[in-house]
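Participant: Have a look at this prediction, sequence included:
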Amino acid sequence: MAGHTITVEQGTEHVRAVHGGELLAESRRPLVLRETGCPVRYYLPPEDVRTALLVPSDTTTHCPFKGDASYWSLPDAPDLVWAYEEPKAQVADIKGHYCFYETEVLAD
């Protein structure tokens with residue numbers, strides 16, 4: 001699509017994902033994804049995510065620029081987080097990293 005850009009960079013921001021007062025993820029090494037027309041998204045390495053708290057969802061979505069996403073839920077928060085297991089080459093770095101709809105960027 002003309003005019004559509006997408007970049008992935010190694011970030012140093014301190015990013016946390018919290019839901020219902022429970023810390024789900026915390027990272028100081030997020031991948032920062034910037035995409036035309038979309039908010040900045042932080043993709044967190046799996047070792048910085050409390051994956052044991054997440055339940056796989058049946059939901060999948062397709063992005064023509066990133067590929068097919070799988071989702072995970074909490075009991076009171078369906079499809080709260082997603083990841084691309086086989087992303088397109090342009091965004092290959094995000095493979096296996098988790099992205100949350102709601103994140104906090106902390107100023108340390």
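Facilitator: Yes, it's here.
Participant: Flag the shaky bits of this protein, pLDDT-wise.
Facilitator: For the chain, the stretches flagged by pLDDT under 70 are 1-2, 108.
Participant: can you give me the strands in it?
Facilitator: Taking DSSP state E to define them, one finds strands in the chain at 6-10, 14-19, 22-27, 31-35, 41-44, 55-63, 67-74, 77-84, 98-100, 104-106.
Participant: what's the closest of those strands to residue 92?
Facilitator: strand 6-10 (8.4 Å; C-beta to C-beta). All C-beta spots, glycine's among them, are computed from the backbone N, C-alpha and C.
Participant: Quick one: list the elements packing against the closest one.
Facilitator: Other helices and strands packing on strand 6-10, by 3 or more C-beta pairs under 8 Å, 6 or more residues apart in numbering; DSSP states H and E, are strand 31-35.
Participant: Give me the angle between the strand it packs on and strand 14-19.
Facilitator: With axes from the mean of the first three to the mean of the last three C-alpha atoms, to 10 degrees defining the directions, strand 31-35 sits at 80 degrees from strand 14-19.
Participant: Return the angle between stretch directions for strand 31-35 and strand 6-10.
Facilitator: Here strand 31-35 runs at an angle of 160 degrees relative to strand 6-10 (the same axes, to 10 degrees).
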